[in-house]
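In: structure of the sequence below:
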Amino acid sequence: MSIKSDNRHLYLQVIDRIKQDIEKGIYKEKEQLPSEFDLAKLLGVSRATLREALRILEEENVIIRRHGVGTFVNAKPLFSSGIEQLNSVTNMIVQVGMKPGTIFLSSDTQSATEEDIRRFSCSEDDEIFVMERVRTANGEPVVYCMDHVPHHYLPKTFSHEKESIFHVLEETAQRKITYAIAEIEPLGYHERISPILECDPETALLVLKQMHFDENDEPILYSVNYFRADKFSFHVLRKRI
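Out: Predicted structure coming up:
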């Protein structure tokens, strides 16, 4: 049944109609939509109008278009968090009722690099502990994590088997992380990390780089996390000033 005309641009009505059909389950997650010809005919609009609607829906990650294959409904992210909320990956997974897990990849203690010296205001004689892990939800890999911590903050009994490095720093090093400065950027397929996270070639990544500070404004932890964009979404609350 074609959409009913109202005062808005036609492509906006098409966007709403497709979103409604997805919500109703007419088009299910990862299911292919009808061809552009058939969908335009079904909605009673031109293919140019439909293409503009599909372009915006793709930008909003509602759909994904695979060249030469077709248009598919994107899976809804399982995990959502405000970017202004400093939440550990472990907590994000627990909050949706799933079991967090860790696949340990590597750890090493190395001399501070120029970047480490700048980040942590340390000296070149200081050592930095670097840990590489994959975080899982119910056994499925969802986040690749690379953490940098000045070695003297960690206890001698530190174990990489601990799920949350936040808890390790707070409980055994008496360093409570209170805020972080973050930047987030989208990334397409990554030759090394995407296969580790078992991503399809079309699955994008969200890269979150954060410097964490304690109550004394000291830099404690620098992390680079690669989130599967089909599993995680981040939003931000903006207030008018």
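In: now do the buried residues in whatever helix or strand Arg133 lives in.
Out: Arg133 is part of strand 127-137, with elements assigned from DSSP states H and E. Buried residues in strand 127-137, counting neighbours by 16 or more other C-beta atoms under 10 Å, are found at 128-137. The way it works is simple: take the backbone N, C-alpha and C, and place the C-beta from them, glycine included.
In: and what of stretch 55-63?
Out: Of the residues in stretch 55-63, those buried by neighbour count under the rule 16+ other C-beta under 10 Å are 57, 61-63.
In: can you redo the residues you listed as CSV with pLDDT and secondary structure?
Out: Rendered in CSV, the data for those read as follows (pLDDT from 0 to 100; DSSP: H, G, I helix; E, B strand; the rest coil):
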residue, pLDDT, secondary structure
Leu57, 92, helix
Asn61, 79, coil
Val62, 87, coil
Ile63, 87, strand
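In: just the residues you listed now: which is nearest Ala48?
Out: Nearest to Ala48 among the buried residues of stretch 55-63 is Leu57, at 15.1 Å by C-beta to C-beta.
In: ok, and the closest non-adjacent residue to the closest one?
Out: Spatial nearest neighbour of Leu57, chain neighbours left out: Ile63 (4.7 Å); criterion: C-beta to C-beta, 6 or more residues apart in numbering.
In: and the one you found, what does it touch?
Out: Contact partners of Ile63, counting by C-beta atoms under 8 Å, 6 or more residues apart in numbering, are 18, 33, 54, 57, 71-74.
In: what does Val62 give?
Out: Contacts for Val62 were tallied using C-beta under 8 Å, 6+ apart; they are 18-19, 22, 73-74.
In: try Ile15
Out: With contacts defined as C-beta under 8 Å, 6+ apart, the neighbours of Ile15 are 53, 56-57.
In: number of nearby residues for the closest residue to Phe120 other than its chain neighbours?
Out: Spatially, and ignoring its direct neighbours in sequence, Phe120 is nearest to Pro219 (5.0 Å; C-beta to C-beta, 6+ apart). Using other C-beta atoms under 10 Å, the number of residues around Pro219 comes to 19.
In: the one 3 residues further on too?
Out: Other residues near Tyr222 come to 21 when the count uses other C-beta under 10 Å.
In: and Asp214, how close does it get to Ala173?
Out: For Asp214, the distance to Ala173 equals 10 Å [C-beta to C-beta, to the nearest Å].
In: for Arg17, that is, sorry about that
Out: Between Arg17 and Ala173 the distance, using C-beta to C-beta, works out to 54 Å.
In: now do Lys209
Out: Going from Lys209 to Ala173 by C-beta to C-beta gives 22 Å.
In: follow-up on the earlier one: so which of the contacts of Ile15 comes closest to Ile181?
Out: Each of the contacts of Ile15 was checked against Ile181 using C-beta to C-beta; the closest is Ile56, at 31.6 Å.
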